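Student: next comes the sequence, and after it the predicted model I'd like to discuss.
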Amino acid sequence: MGQWHAISLNTTASLRALKSFQNEIWASGTKGTYIHSKDNGTTWEVKQVPGAENLDFRDLAILNKKEIILMSAGPSEKGAAKLYKTNDGGQTWEIILNIKESKHFFDAITWDYKKRIGYLLSDPIDQKFVLLKILKHGTKIEQINLFNFPTLLPREAAFAASGSSILWLNNQLNIISGGAYKARIFQSMDTDPSTWKVTHNETSADTSSGFFTIGAKNKNHFWVAGGNYLRLNSSEIPILESTNAGESWTPIKTQLPKNYYIEKVIWSNPYWITTGPAGSYAFHSKLKKWVNLGESHFHNIISSQKKIFGVGPKGQIGYLLKKGLKTLFLPEK
């Protein structure tokens, strides 16, 4: 009844990146590892990108069934700020970006299927985020000059936890932050996106806490969540909601029965689902009710057809059936 079912795979890599496209599911993580399913999770292959054994692929972008980009998160000084791309479904890989200048650390990558462009978010340099645009299926990558981007607070940055610190929707980018004395939300003011505004700056945080994930129900309804990665079983970071496409934010009215560190939030009609190393919960939007989905330690989750998939540390991967969620919300007899 809505419980997670473990999938046994031959890997001990910590998995953080997880995305789907039609019947395809891709995940990736440490040791240059990626896992791939062509049949919506029925069968899987586990592989390493040659030459990337020391890299941590914390996010990825699926351009189509053959073209996938893997994002390495790590210090550029150590050769870890790289993008790898395959044009043949993983048979071969090439490096399409390798930044060697210091202070670069990639956080998240997002892809616009209509415009066929991507955005890559990197840690701030001189208190300004670094934002790169990926063009022509990765054959061209250019840095966006962030005019009038609000000056970041000391230590403010984005977290490379689940690849969901950035959201592209409505021809606008939203970026969430943490690591400073305030956790904030930023939104681009044009389609370029070069000019930005702060849409939320009321949540207190510290060096290990803030917002870790932003998810969307539709073009107007967003959730933002987070916590403290050093305190997995508690959280002073509220789940925030926007019903006007990120223009303004308020705490959700029906709070979680247990506060905990949340790394990923997704919408899977009619549920919001949250996950982190301390567990996962589902919220029924019409019943205004939360349920515990059982023990799980996932860094990332996605909704794919009839299942919710999750990945986590030590090669953990599992799924739950969406139809099983319904029974958890039935009235108690």
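Tutor: Now that the structure is in, tell me what you want to look at.

Student: from now on I want contacts and neighbour counts done on CA atoms only, so please keep to that.
Tutor: Fine.

Student: residue 77 belongs to a helix, doesn't it?
Tutor: Yes - under DSSP: H, G, I helix; E, B strand; the rest coil, residue 77 falls within a helix.

Student: any idea how many residues pack against the nearest residue to it once chain neighbours are set aside?
Tutor: In this structure, residue 77 finds its nearest non-sequential neighbour in residue 102, 5.2 Å apart by C-alpha to C-alpha, 6 or more residues apart in numbering. Counted with other C-alpha atoms under 10 Å, residues neighbouring residue 102 total 13.

Student: show the end-to-end separation of stretch 179-198, please.
Tutor: Terminal residues of stretch 179-198 are spaced 16 Å apart (C-alpha to C-alpha, to the nearest Å).

Student: for the nearest residue to residue 98 once chain neighbours are set aside, which residues are in contact?
Tutor: Distances taken as C-alpha to C-alpha, 6+ apart place residue 82 nearest to residue 98, at 4.5 Å, with adjacent residues excluded. Counting by C-alpha atoms under 8 Å, 6 or more residues apart in numbering, residue 82 touches 71, 72, 73, 95, 96, 97, 98, 99.

Student: for residue 82, give me the pLDDT.
Tutor: At residue 82, the model reports a pLDDT of 98.

Student: any idea how far it lies from residue 16?
Tutor: 16 Å.

Student: and residue 274, by the same measure?
Tutor: From residue 274 to residue 16 the distance is 15 Å (C-alpha to C-alpha).

Student: wait, what's in contact with the residue lying closest to residue 279 once chain neighbours are set aside?
Tutor: Nearest residue to residue 279, sequence neighbours excluded (C-alpha to C-alpha, 6+ apart): residue 296, at 4.8 Å. Residue 296 makes contact with 4, 276, 277, 278, 279, 280 under the criterion C-alpha under 8 Å, 6+ apart.

Student: which stretches in this structure count as helices?
Tutor: 322-328 (DSSP state H).

Student: where does it dip in pLDDT?
Tutor: 1-2, 332-333 (pLDDT under 70).

Student: mind running it again at 80?
Tutor: Applying pLDDT under 80 to the chain flags residues 1-2, 147, 190-192, 331-333.

Student: so what's residue 130 closest to, chain neighbours aside?
Tutor: residue 122 (5.0 Å).

Student: so the one you found sits against residue 102, correct?
Tutor: No - Residue 122 is beyond contact range of residue 102, at 11.9 Å (criterion: C-alpha atoms under 8 Å).

Student: let me see the contact set for residue 204.
Tutor: Taking C-alpha under 8 Å, 6+ apart, one finds 181, 182, 183, 210, 237 in contact with residue 204.

Student: and which of those is nearest to residue 261?
Tutor: residue 237 (8.5 Å; C-alpha to C-alpha).

Student: I'd say that closest one and residue 203 touch.
Tutor: Yes - when contacts are counted by C-alpha under 8 Å, residue 237 is listed as touching residue 203 (7.0 Å).

Student: comparing those two, which residue is more hemmed in?
Tutor: Legend: neighbour count by other C-alpha under 10 Å for residue 237 and residue 203, higher for residue 237 (23 against 17).

Student: grab the nearest non-local neighbour of the more buried one.
Tutor: Going by C-alpha to C-alpha, 6+ apart, residue 237 has residue 227 as its nearest residue, at 5.1 Å.

Student: the one you found: neighbour count?
Tutor: Neighbours of residue 227 (other C-alpha under 10 Å): 28.

Student: ok, the one 3 residues further on next?
Tutor: Applying other C-alpha under 10 Å, we find 10 residues neighbouring residue 230.

Student: same check, this time on the one 10 residues further on
Tutor: The burial count assigned to residue 240 is 20, neighbours taken as other C-alpha under 10 Å.

Student: distance of the nearest residue to it once chain neighbours are set aside relative to residue 160?
Tutor: Of all residues not flanking residue 240 in the chain, residue 251 sits nearest, at 4.3 Å (C-alpha to C-alpha, 6+ apart). Distance, residue 251 to residue 160, using C-alpha to C-alpha: 23 Å.

Student: with neighbour numbers in mind, choose between these two.
Tutor: Each of residue 251 and residue 160 has its neighbours counted (other C-alpha under 10 Å); residue 160 has more, 24 against 15.
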